[in-house]
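Chemist: Dropping the sequence and predicted coords here.
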Amino acid sequence: MATLKSLSPLRTSKRPSHLQYAGLNSHDHSPSQYLDPEKYGQSPSTTDIEDDDDDFSEISSPGSSRDTSGAYSSSRPMLRRKPSAGSQRPSPYRLPHKMTRYLCLALISTLAIFMLSLVRMSIVSSRKVAVGDLKRPPPPPSPWESFEFLSRYYGGIRTLSPILQDKPEYPLLEDEGLPLNATHIQDSTKPIHEVPDSQPFKPYPSYDTSEYTPARECFLDVHSTVRVPPLQYYPGRPSGFPSNVMGSYDLLGLPEDLCFERHGRYGAYGYGYGLRYGGTGTGQHGETEGSDAVWNEVQQVDYRKVDWADAQKRCFEANSKRFEPRLSKDEPSQTFSVIPKAKANQLRDLEDSDGSGSEVSDGTSGPKYLPRTAIVIRTWDDFQYREEDILNLRAVISELSIASGGEYDVHLLVEVKEDGKFPIWADSDAYQKHINESVPEEFQGIATLWSQTQMLMVYQGLVDQFIRDLPVHGSYRGLQMAMQYFAHKHPEYDFFWNWEIDIRYSGHYYDFFSKIDSWTKKQPRKGLWERNSRFYIPSVHGSWEDFRQMARVQTEMGTDNANNIWSGVKRPVPGSTPEQPKGDKPIWGPERPTDEADWFEIENDPVPTTSYDKDKYVWGVDEDADLITFNPLFDPHGTTWLLAEDVTGYNSTVELPPRRASIVASSRMSRRLLDTMHRETAFKKHHAFTEMWAPTTALHHGYKAVYFPHPVYVDREWPTEYLASIMNGGRNGATGGARTSVFGDREHNFLGMSWYYNAGFAPNLWKRWLGFKVNNEGGEEFEMMVNEGRSGMGVNEMKGGEGRMCLPPMLIHPVKDIELFVEEIKDEYEELPESDPSA
């Protein structure tokens with residue numbers, strides 16, 4: 001019966017309509033996919049077994065037991081073949097829900113810890129930056145640090161030879177083609193002979209012609225008996241002494257074939273004899289052969305009795321006919337001056353004569369007048385004057401003022417750092433008391449005090465951006481304010497030297513300053529700013545005429561060198577004209593700020609007499625320079641110099657005004673330039689950083705500015721072509737105008753030079769010259785004895801025994817904190833121990 005029921009037509013399912021499964025893909029869903037595996041003898045795989053916790057519903061199989069055989073093709077067998085193990089597709093594995101939750105929790109925790117670690121590291125890093133605790137790996141050494149040291153700087157007077165008969169250790173033309181650090185070090189031992197005789201150095205002109213009034217001799221004492229001793233020099237140089245790598249002796253007229261050792265240079269000012277005789281008590285030991293020649297013509301000077309202010313006044317009075325008669329409009333009661341106070345009627349007559357308070361000689365009624373110059377040496381009230389500093393100050397005053405017949409006056413411009421603690425402006429007694437406490441007695445009469453508070457009172461209303469967290473009226477950013485106000489109070493001078501107390505010159509100061517005046521006066525204005533912006537390297541640039549033409553071509557045509565970071569980036573399209581370097585417009589006359597509202601008192605500014613192209617290098621010849629610097633006048637725009645934008649008072653909404661700068665503030669400025677700077681700061685509120693303000697003012701007003709290419713030495717064997725590419729690595733072959741400028745991030749290249757504000761070679765060279773040991777080399781034993789155990793190869797293997805070092809005239813900066821050995825004074829009558837009567 002059961003069988004009959006199963007065959008009943010009422011219980012037989014209908015054939016499914018083809019429309020019911022029309023939406024199924026025949027390739028994706030074969031009937032075998034919906035067959036019951038148990039019905040066809042297939043046992044379920046163990047991998048298909050799920051946990052009891054799994055919650056899912058199975059899809060009903062259309063191929064169930066209700067299907068009839070008519071639903072399938074008659075050609076298809078009723079029973080399916082058991083598939084092979086390799087053809088069966090395994091079901092995907094699914095992690096348990098518990099494990100999934102644990103993994104998600106771990107991932108979220110990891111991300112949270114990572115984010116918190118980043119926050120903590122950011123806070124810790126910010127704190128380290130704030131306190132300067134940056135433990136970074138040291139940067140790789142600069143290329144110049146791999147160059148070999150030069151050794152013949154430290155030769156002595158026992159190896160002197162004429163410069164034309166000697167071969168300098170550096171630069172050598174045959175070494176230029178060698179790769180870096182490939183120089184062959186040769187034996188630096190030189191033949192040693194007896195010490196030759198030194199000779200007196202006398203650079204002063206005779207003025208025997210009727211063009212100028214001859215100078216009258218000045219003395220150091222009131223009774224006119226103590227003369228200024230002359231310097232002693234030695235002909236020639238130590239054998240193998242390196243040549244200067246930048247600048248030129250021959251071009252500037254400086255003496256090259258001679259040198260000075262320490263006794264011949266400083267013996268005249270108290271070096272080499274004791275305190276009881278008026279000396280400094282230094283230089284009495286060590287190698288001294290030939291040092292007594294300083295006193296062949298004059299007697300030793302007792303400097304305990306010298307008053308330098310009084311000596312300069314007496315010298316000016318004795319030679320007053322050589323200079324323009326000038327009177328002070330108001331007596332500078334708190335500053336040293338050699339001119340008398342003007343009476344009302346005298347002042348009125350002088351002002352009516354030429355409108356400037358001074359008479360001008362036309363050169364026909366009598367001898368010409370000489371200009372007068374102030375040497376303003378900057379110092380501060382807590383500066384410690386050591387014996388070496390005193391020797392240098394005596395040399396400056398003696399050589400420039402006393403021995404020249406009053407052409408120069410020397411001043412000390414002393415900054416009072418804490419005028420709140422020292423009320424120097426309260427009355428004259430407080431002012432003088434602080435001078436007496438801060439300055440050695442012999443220099444107290446030439447000292448002038450100034451302070452930041454005083455400058456803030458004189459130059460009010462300046463917008464201060466506090467660059468590097470420093471005020472604009474301070475000594476770092478606003479030092480020129482003190483010079484401006486000093487010039488305003490001293491109408492007796494035509495020029496002012498802004499001088500630093502840590503500068504040394506191994507030659508004679510008057511000879512050096514007079515050569516500066518004459519050479520800068522001869523320079524034509526055409527191409528002057530372009531030449532000013534480049535270092536002159538004779539071994540690369542050739543003659544000065546070659547250098548001048550090179551600067552002109554580079555400016556007009558532009559350059560494309562390896563220091564240009566964009567060189568070669570833009571590839572020329574095939575068939576098109578390659579892009580040419582872009583030149584610069586030469587500066588001809590005043591270079592004004594963009595906004596005319598920033599122009600100030602331009603009516604009397606010098607203007608060219610003809611166009612740039614028509615000028616035959618005539619304009620500017622025989623014109624005194626308004627600004628003279630010892631480093632190139634570079635364009636700070638685009639450089640990495642930190643103070644390139646330290647400008648205030650100008651309209652900077654469009655762009656900053658055109659600027660120039662010269663690092664190392666020591667320079668000579670004319671009265672015209674300082675008056676313009678003074679009035680522009682006071683009335684227009686214009687100002688710039690100390691080393692940028694004077695060059696920028698000269699640029700805006702068309703004043704004559706000249707870079708003086710003095711000889712500069714280097715301590716290592718630089719390939720000179722590479723040196724030129726570094727020093728003149730700015731825009732179009734200049735020193736500035738680009739990020740590749742040597743001024744800024746690349747200033748480390750000056751560390752081995754004899755002249756820069758942070759040069760390391762300069763103080764080491766000066767100490768060795770004074771007889772000190774530096775890096776365990778030099779000293780008394782090195783000068784007097786030959787060490788045969790050394791090979792003589794290189795600076796650390798020099799044998800010595802050549803005597804005292806001898807340097808040609810050169811500027812050396814900086815020189816700080818040198819402690820000379822001083823012999824103490826012992827009482828003539830020392831207390832003897834009492835004898836024991838019972839003994």
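Modeler: Perfect, thanks for sending it. Numbers count the residues shown, from 1 in each chain.
Chemist: helix or strand right after the helix or strand where Asn764 lies?
Modeler: Following DSSP states H and E, one finds Asn764 within helix 761-769. Using DSSP H and E, the helix or strand that directly follows helix 761-769 along the chain is strand 773-774.
Chemist: any idea of the mean pLDDT for that next one?
Modeler: For strand 773-774, mean pLDDT rounds to 94.
Chemist: who touches the helix or strand where Ala374 lies?
Modeler: Per DSSP H and E: Ala374 is located in strand 373-380. Contacts to strand 373-380, defined as CB atoms under 8 Å, 6 or more residues apart in numbering, come from residues 393, 396, 400-401, 407-417, 475, 479, 482-483, 486, 490, 493-501, 513, 668. Every residue, glycine included, has its C-beta placed from N, CA and C.
Chemist: What subset of the residues you listed is buried?
Modeler: When the contacts of strand 373-380 are checked for burial by 16 or more other CB atoms under 10 Å, the buried set is 393, 396, 400-401, 407-416, 475, 479, 482-483, 486, 490, 493-499, 501, 513, 668.
Chemist: SS state for Arg534?
Modeler: When classified by DSSP: H, G, I helix; E, B strand; the rest coil, Arg534 comes out as coil.
Chemist: Now do the contacts for it.
Modeler: With CB under 8 Å, 6+ apart, Arg534 has these contacts: Phe547, Ala551, Pro632, Asn728, Gly733, Ala734, Thr735.
Chemist: looking at this, the second one is in a helix?
Modeler: Yes. Under three-state DSSP, Ala551 falls within a helix.
Chemist: That one is in contact with Arg531, isn't it?
Modeler: Yes. With contact defined as CB atoms under 8 Å, Ala551 counts as touching Arg531 (5.0 Å).
Chemist: ok, the nearest residue to Gly737 once chain neighbours are set aside to Phe600 distance?
Modeler: In this structure, Gly737 finds its nearest non-sequential neighbour in Arg731, 3.3 Å apart by CB to CB, 6 or more residues apart in numbering. Distance, Arg731 to Phe600, using CB to CB, to the nearest Å: 28 Å.
Chemist: ok, these two, which is more surrounded?
Modeler: Each of Arg731 and Phe600 has its neighbours counted (other CB atoms under 10 Å); Arg731 has more, 26 against 16.
Chemist: Sitting in helices, which of the buried ones among the contacts of strand 373-380 do you find?
Modeler: In this view, those that belong to helices under DSSP state H are Leu393, Val396, Leu479, Ala482, Met483, Phe486, Phe513.
Chemist: could I get the residues you listed as CSV with distance to Gly156?
Modeler: As requested, those are exported to CSV (distance: CB to CB, whole Å):
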residue, distance to Gly156
Leu393, 27
Val396, 27
Leu479, 39
Ala482, 42
Met483, 41
Phe486, 42
Phe513, 29
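Chemist: could you dump these to JSON lines with pLDDT and distance to Tyr273?
Modeler: Listed next are these as JSON lines, based on pLDDT from 0 to 100; distance: CB to CB, whole Å:
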{"residue": "Leu393", "pLDDT": "98", "distance to Tyr273": "18"}
{"residue": "Val396", "pLDDT": "98", "distance to Tyr273": "20"}
{"residue": "Leu479", "pLDDT": "91", "distance to Tyr273": "37"}
{"residue": "Ala482", "pLDDT": "95", "distance to Tyr273": "37"}
{"residue": "Met483", "pLDDT": "96", "distance to Tyr273": "37"}
{"residue": "Phe486", "pLDDT": "96", "distance to Tyr273": "36"}
{"residue": "Phe513", "pLDDT": "98", "distance to Tyr273": "28"}
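Chemist: Which one of these is nearest to Trp144?
Modeler: For these, the residue nearest Trp144 by CB to CB is Leu479; the value is 30.6 Å.
Chemist: Please determine how far the closest residue in space to that closest one that isn't next to it in sequence is located from Tyr266.
Modeler: Nearest residue to Leu479, sequence neighbours excluded (CB to CB, 6+ apart): Thr690, at 4.4 Å. Relative to Tyr266, Thr690 is positioned 30 Å away (CB to CB).
Chemist: okay, and the helix or strand of the protein with the least pLDDT?
Modeler: When the helices and strands of the chain are scored by mean pLDDT, DSSP states H and E, helix 2-6 comes last with a mean of 44.
Chemist: pLDDT (mean, whole number) over the helix or strand following it?
Modeler: Per DSSP H and E, the first helix or strand lying C-terminal to helix 2-6 is helix 97-131. Taken as a whole, helix 97-131 has a mean pLDDT of 89.
Chemist: In helix 97-131, which of the residues would be classed as buried?
Modeler: Under 16+ other CB under 10 Å, helix 97-131 has no buried positions.
Chemist: Which strands or helices does the helix or strand just after that helix pack on?
Modeler: Scanning forward in sequence from helix 97-131 by DSSP H and E, the next helix or strand is strand 160-161. Counting contacts by 3 or more CB pairs under 8 Å, 6 or more residues apart in numbering; DSSP states H and E, strand 160-161 is packed against strand 237-238.
Chemist: quick one: contacts of the strand it packs on?
Modeler: 152, 155-157, 159-161, 163, 166, 190, 257-259, 802, 805-806, 808.
Chemist: so where's this structure shaky on pLDDT?
Modeler: 1-90, 134, 173-190, 207-210, 328-334, 340-365, 561-580, 825-839 (pLDDT under 70).
Chemist: And the contacts of stretch 614-626?
Modeler: With CB under 8 Å, 6+ apart as the test, stretch 614-626 has contacts from 371, 495, 517, 520-528, 608-610, 668-670, 672-673, 698, 703-706.
Chemist: Mind checking which of those are buried?
Modeler: Judged by 16+ other CB under 10 Å, buried ones among the contacts of stretch 614-626: 495, 517, 520, 523-528, 608, 668-670, 672-673, 698, 703-706.
Chemist: Narrow the residues you listed to those in helices?
Modeler: Per DSSP H, the buried ones among the contacts of stretch 614-626 map to helices at Asp517, Thr520, Leu528, Arg672, Leu673, Ala698.
Chemist: what pairs with Ala661 across the strands?
Modeler: Phe634 (DSSP bridges).
Chemist: can I assume it is in contact with Phe634?
Modeler: Yes. Using CB under 8 Å, Ala661 is in contact with Phe634, at 6.2 Å.
Chemist: Quickly list what's touching both of these two.
Modeler: Gly736, Phe743.
Chemist: The two: which is more packed in?
Modeler: Phe634 (31 against 27).
Chemist: Which residues are in contact with that one?
Modeler: Going by CB under 8 Å, 6+ apart, Phe634 touches Ser533, Arg660, Ala661, Ser662, Gly730, Ala734, Thr735, Gly736, Gly737, Ser741, Phe743.
Chemist: name the element the residue nearest to the fifth one when sequence neighbours are not counted belongs to?
Modeler: Distance criterion CB to CB, 6+ apart; nearest residue to Gly730, sequence neighbours excluded, is Ser741 at 4.2 Å. Secondary structure from DSSP H and E places Ser741 outside every helix and strand.
Chemist: give me the number of residues near Ser741?
Modeler: Ser741, neighbours per other CB under 10 Å, totals 28.
Chemist: doesn't His637 make contact with it?
Modeler: No. Between Ser741 and His637 there is no contact under CB under 8 Å: 10.0 Å.
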